[in-house]
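Trainee: Pasted the sequence and its predicted model underneath.
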Amino acid sequence: MNVPLEAEAGHRPPRFGVSLFWRTFFLLSLLLVGSSIGWYQLFRTLEYEPRVIDNARQIASLVNLSRAALVHSDAIARVSLIKTLAEQEKVRIIPHEPGDKFDPFAQGELEQRMSNELVARLGPGTLVASSVNGEDGLWVGFSIEGDSYWLLMDRSRVGALLGGRAWLLWLATLGALSLVGAALLARLINQPLKQLSIAAARVRDGHYLHSRLDEGALSGEVREVNIGFNRMADQLSKIEQDRAEMLAGISHDLRTPLARLRLETEMSVPDAEARGHMVADIAQVDAIIDKFLDYARPDHLSMEPLPLAEVALACALPFTVREDMQVQIDIAPELRVMGDEVELSRVLSNLLENARRYGKSPDGQGTRVRIAATAHDFMVTLRVRDHGPGVAPELLPNLTRPFFRGDSARTSATGAGLGLAIVVKMVQSMGGSLQLINSPSGGLLALIRLHQADDPSGLGHAPPKKKRRPG
């Protein structure tokens, strides 16, 4: 029964998180918006509202002057005065008819305050309207010797204060420019951290030479961090190189005395059983030395499209002839991956050997291993699963560490503890990743992700071949 990749991998939904860039941007935006609201309230309190009240007083003075002029003029002069006000001051005075329909001017808070100010200055019978008989404007109703009149003035006198939207446009424009500035500032602040994060990830993957940071940064603090990080990467690279050379040297030097010891054992030990045990022990030490050499070997790969099914079948062949091991391969023949054939064969061979040693079925029927592969988004996921007892969850992260052996979790543990560490190193050198988990249906599951050979992004194209150094 095929287990879906999602079920085998035990994927969990990603936890929601906000990057440092967006957090900085949101905080700066909140600060800018709060500052804009504060400045708007300050402008409204100290400038906007006083100007509205002053404008109301000027309108009240104009109405009082017009009313006084009309009261003290005769009928002929009154007509001339009304005409002059209409032509020069854009002020119309018309009779207030009982059937006039008007809309109150007080619609907003500031308009209400302006209306109250006009009523307070012109008397309780004063009317302030925004429209009379369908004609918009600023209408003020007043009485002269028992006759009611409407005084209509251009609404532009107060439109800039009450009805204008230019300040809103300016505020929106300034707000948009402030947000753009906040985004640029957040990016400028977080760019060094982003570069440091990328460089740290490269160092974690062992790419020390491709993790250099700019030591000429303008900011002194960033420059010091970059210099310190580069020196740390140099030291780690030197330590890794020294360790690899030391392992390779020790392993190479041990080969000659081991060969002599084996020859002397076969020639000098008369007891066949004892001789067989000694030869087996020497062969085990020789296999451990091979692991050391594999781990210390530098990465010189020849990346090319590989038929995954053929490589898996070739690697499984030496194990399928054993009576205590069964290998099931479920890979489409047309599936191809980008990789180094030798390195990929070593990866599969190490995983199969690891399953043979530690993944025996609890029912005593030997070791059963299933190798399957699926392709998704131009990545190939290769699954190698045994049906053994699995590994304690707290030990899973340590399985790929060099020289770690999960003796308490698996059966008889022999070797140097480098098998899975070598697998991780080889997979990463081919641009892939390895994940070890416990299968929901039992056994240890190795998930290997490699680039598909026909990846259009360019990740699957073969780079120039490099000559492999002799191991």
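Mentor: Structure's in. What do you need? Quick caveat: nothing in here was measured; it's all calculated off a predicted structure.

Trainee: secondary structure element for Leu188?
Mentor: Here Leu188 is covered by helix 166-204, with elements defined by DSSP states H and E.

Trainee: Which helix or strand lies directly C-terminal to that helix?
Mentor: Next in sequence after helix 166-204, counting helices and strands by DSSP H and E, comes helix 220-268.

Trainee: sorry, back to before: can you give me the angle the helix holding Leu188 makes with helix 220-268?
Mentor: Angle between the axes of helix 166-204 and helix 220-268 is 20 degrees (criterion: axes from the mean of the first three to the mean of the last three C-alpha atoms, to 10 degrees).

Trainee: What segments of this protein are helices?
Mentor: 5-9, 20-43, 49-71, 75-88, 109-122, 156-158, 166-204, 220-268, 272-296, 308-320, 341-358, 419-429 (DSSP state H).

Trainee: Redo those helices as JSON lines? Include mean pLDDT.
Mentor: Below are the helices of the chain laid out as JSON lines (pLDDT from 0 to 100):
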{"stretch": "helix 5-9", "mean pLDDT": "40"}
{"stretch": "helix 20-43", "mean pLDDT": "79"}
{"stretch": "helix 49-71", "mean pLDDT": "78"}
{"stretch": "helix 75-88", "mean pLDDT": "75"}
{"stretch": "helix 109-122", "mean pLDDT": "77"}
{"stretch": "helix 156-158", "mean pLDDT": "60"}
{"stretch": "helix 166-204", "mean pLDDT": "81"}
{"stretch": "helix 220-268", "mean pLDDT": "77"}
{"stretch": "helix 272-296", "mean pLDDT": "71"}
{"stretch": "helix 308-320", "mean pLDDT": "89"}
{"stretch": "helix 341-358", "mean pLDDT": "86"}
{"stretch": "helix 419-429", "mean pLDDT": "80"}
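
Trainee: Out of these, flag the one nearest Ser211.
Mentor: Ser211 lies closest to helix 166-204 among the helices of the chain, at 4.0 Å (C-beta to C-beta). Placement of C-beta: from N, CA and C, glycine included.

Trainee: nearest spatial neighbour of Glu145, skipping sequence neighbours?
Mentor: Val71 (6.8 Å; C-beta to C-beta, 6 or more residues apart in numbering).

Trainee: So the one you found is in contact with Ile144, correct?
Mentor: Yes. Look at Val71 against Ile144 with C-beta atoms under 8 Å: they come within range, at 5.7 Å.

Trainee: more neighbours, those two?
Mentor: Using other C-beta atoms under 10 Å, the more surrounded residue of Val71 and Ile144 is Ile144, with 14 against 10.

Trainee: Throw the helices of the chain into a markdown table and include distance to Glu334, thanks.
Mentor: Putting these into a markdown table (distance: least, C-beta to C-beta, whole Å) gives the following:
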| stretch | distance to Glu334 |
| --- | --- |
| helix 5-9 | 19 |
| helix 20-43 | 42 |
| helix 49-71 | 78 |
| helix 75-88 | 91 |
| helix 109-122 | 74 |
| helix 156-158 | 78 |
| helix 166-204 | 34 |
| helix 220-268 | 38 |
| helix 272-296 | 31 |
| helix 308-320 | 8 |
| helix 341-358 | 17 |
| helix 419-429 | 22 |
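
Trainee: Gln365: which of those helices is closest?
Mentor: Among the helices of the chain, helix 341-358 comes nearest to Gln365, with 13.5 Å by C-beta to C-beta.

Trainee: Check which residues of the closest one are buried.
Mentor: 341, 343-358 (16 or more other C-beta atoms under 10 Å).

Trainee: what do you get for stretch 114-123?
Mentor: Buried residues in stretch 114-123, counted by 16+ other C-beta under 10 Å: 114-115, 117-119, 122.

Trainee: and of these, the nearest to Met426?
Mentor: Out of these, the member with the shortest distance to Met426 (by C-beta to C-beta) is Met114, at 81.6 Å.

Trainee: Which residue comes closest to that closest one once chain neighbours are left out?
Mentor: Counting by C-beta to C-beta, 6+ apart, Ala56 is the residue found nearest to Met114 once chain neighbours are left out, at 4.5 Å.

Trainee: Any figure for the gap between that neighbour and Asp340?
Mentor: Per C-beta to C-beta, to the nearest Å, Ala56 is found 86 Å from Asp340.

Trainee: before we move on, the earlier item: from the buried residues of stretch 114-123, which single one is nearest Gly216?
Mentor: For the buried residues of stretch 114-123, the nearest to Gly216 is Met114 (62.3 Å; C-beta to C-beta).

Trainee: Kindly provide the distance from the closest one to Glu323.
Mentor: In this view, Met114 and Glu323 are 102 Å apart by C-beta to C-beta.

Trainee: of all the buried residues of stretch 114-123, which two lie farthest apart?
Mentor: Farthest pair in these (C-beta to C-beta) is Met114 and Leu122. Separation: 12.2 Å.

Trainee: Which segments of this protein make up each domain?
Mentor: 21-168, 301-451 (automatic domain parsing).
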